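Participant: coordinates only, sequence not included:
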């Protein structure tokens, strides 16, 4: 990776200390917390973070990062001040998140070392701060691209929720920005950090099931929230925008639409302007593991077929039932359906392995496959200390995490291509190097999304 332009935290503090020592009397005895003793982390080794997007997952990620003594959370950003009914009665927004952060650090010693958590409505204000090293991007999917690119340009490392972006063009823009500005990005495909899933993929890659020929993906729409979507397929009433909610900023670059409660918060994922339904929701976990076990993290399929059913009236328009098939250049077929149980099955000439999502429970035939060991000379995928800690370790060492930008982009690309195949009703021929659909200009136009002024890349 290229040399970082910004001075690192340790260099900055060393230089600052040198100036101070040269100008005023400085005590020889330094408090232990400054040196990282007594169980604390020295300020020079802390990763100063800010969180952008504080819904359910965004708040969860903030809490996970604050568990680490290496992190100091100093800023939060959300277009909503506070919501007491985000999803299933949970609270969300920048003020609840700010209070959680300040309450967390109030319990730590020494008293007064933490200067508080600032809150912002506009992500650009948070990104302009020179003291922030890394950010989370946990907004609705349609904001991932613009914010992640802006964060990379601002010199921040990035933990971006899955799917990496809401279009293939935006995903590529993120990859290019991360590369150009020399940043670390972790896609929030946390199933990739599951030890059992990584072991299963090692078995496949090392030929324990023989020659891999088929990957079967199950992505059911059978949870209670899917039933809510099915029951609300009719048009929704226009409502006044709640106080404390910057709705125009929430819409961002998407076309203007009147406010209604179920357009926002948790339910946006079932509207194609903002998300991709289950295909990009849990699909970004399951298909991600298919890519890992197939050894195709840096490429994708060459042919995509899909058919499905989506509501044709009302607010929600993502696919709730589907069948799809993707064919790779190596001959492997990725076959998906909206059926139970949620997970994926690697099928080879000598057996199969099924990975359950979530949790990583494994089944295999023959069962003895799961007793196999991976020898030193074989393919090893490594193990993760946990998806969030893996990101922090990558930031400190300035190295690739388990789910870097290119991996997240390639996985999201498959999800988007399946949706495009279902939308057009055609089999797509895909060039994974040029990232273009071959001989289909109409389908190619769906690789990117128009942006409402003034937003643009």
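Facilitator: Good, I have the coordinates. The structure presented is a predicted model; accordingly, all values stated were derived computationally and were not measured. Residues are numbered from 1 along each chain as shown.
Participant: center of the protein - which residue?
Facilitator: Nearest residue to the geometric centre of the chain (CA atoms, centre = their mean): residue 161, 2.1 Å.
Participant: contact partners for it?
Facilitator: If a contact means CB atoms under 8 Å, 6 or more residues apart in numbering, then residue 161 has 53, 57, 58, 61, 136, 137, 138, 139, 144, 187, 188 as its contacts. For the C-beta atoms, the positions are set from N, CA and C on the backbone; glycine is no exception.
Participant: hmm, try it at 7 Å
Facilitator: For residue 161, the contact set (CB atoms under 7 Å, 6 or more residues apart in numbering) comprises 57, 137, 138, 188.
Participant: low-confidence ranges, the stretch 351-457 of the chain, go.
Facilitator: Across the stretch 351-457 of the chain, not a single residue meets the criterion (pLDDT under 70).
Participant: with adjacent residues omitted, what lies nearest to residue 279?
Facilitator: residue 415 (5.0 Å; CB to CB, 6 or more residues apart in numbering).
Participant: in a helix, the one you found, correct?
Facilitator: Yes. Judged by DSSP: H, G, I helix; E, B strand; the rest coil, residue 415 forms part of a helix.
Participant: surely it touches residue 278?
Facilitator: No. Using CB atoms under 7 Å, residue 415 is not in contact with residue 278, being 9.5 Å away.
Participant: sorry, back to before: measure the residue nearest to the centre of the chain to residue 254 for me?
Facilitator: 18 Å (CB to CB, to the nearest Å).
Participant: next: residue 372.
Facilitator: 48 Å.
Participant: so for those two, which sits in the more crowded spot?
Facilitator: Each of residue 372 and residue 254 has its neighbours counted (other CB atoms under 10 Å); residue 254 has more, 20 against 13.
Participant: okay, helices next: where are they in the stretch 351-457 of the chain?
Facilitator: Ranges of helices in the stretch 351-457 of the chain, per DSSP state H, counting those that start in this stretch, are 387-397, 405-424, 441-444.
Participant: same list (these) but as TSV, adding distance to residue 247 and mean neighbour count.
Facilitator: Listed next are the helices of the stretch 351-457 of the chain as TSV, based on distance: least, CB to CB, whole Å; neighbours: other CB atoms under 10 Å:
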stretch	distance to residue 247	mean neighbour count
helix 387-397	31	20
helix 405-424	26	25
helix 441-444	32	14
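Participant: with distance to residue 104 as added columns, please give those in TSV.
Facilitator: Compiled in TSV, the helices of the stretch 351-457 of the chain are given as follows (distance: least, CB to CB, whole Å):
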stretch	distance to residue 104
helix 387-397	15
helix 405-424	28
helix 441-444	47
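Participant: right, and those - which one's nearest residue 107?
Facilitator: Of all the helices of the stretch 351-457 of the chain, helix 387-397 sits nearest to residue 107, with 20.1 Å by CB to CB.
Participant: what does the closest one rub up against?
Facilitator: 47, 64-65, 68, 70-71, 134, 157, 159, 184, 186, 190, 193, 384-385, 400-402.
Participant: now that helix: how far from the chain's centre is it?
Facilitator: 14 Å (CA atoms, centre = their mean, to the nearest Å).
Participant: equivalent analysis for stretch 333-342, please.
Facilitator: 22 Å.
Participant: same deal with stretch 334-353?
Facilitator: That offset, for stretch 334-353, works out to 24 Å (CA atoms, centre = their mean).
Participant: quick thing: my sequence starts at 28, can you match it?
Facilitator: Will do, 28 is the new start, and the previous item becomes stretch 361-380.
Participant: now do the end-to-end distance for that stretch.
Facilitator: By CA to CA, to the nearest Å, the extent of stretch 361-380 from end to end equals 14 Å.
Participant: can you list contacts of that stretch?
Facilitator: So stretch 361-380 is in contact with 227, 230-231, 236-249, 309, 313, 316-317, 320, 328, 348-353, 381-384, 389, 391-393, 396, going by CB under 7 Å, 6+ apart.
Participant: buried subset of these, written for ChimeraX?
Facilitator: To isolate the buried ones among the contacts of stretch 361-380 in ChimeraX, judged by 16 or more other CB atoms under 10 Å, type:
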select :227,230,231,236,239,242,243,244,245,246,247,248,309,313,316,317,320,328,349,351,352,353,381,382,383,384,389,391,396
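Participant: so which of the contacts of stretch 361-380 sit within strands?
Facilitator: If you go by DSSP state E, the contacts of stretch 361-380 have 239-245, 348-353, 381-383, 389, 391-392 in strands.
Participant: circling back: so which of the helices of the stretch 378-484 of the chain is nearest residue 253?
Facilitator: helix 432-451 (16.5 Å).
Participant: now the angle from the closest one to strand 348-354?
Facilitator: Using axes from the mean of the first three to the mean of the last three CA atoms, to 10 degrees, the direction of helix 432-451 lies 120 degrees away from that of strand 348-354.
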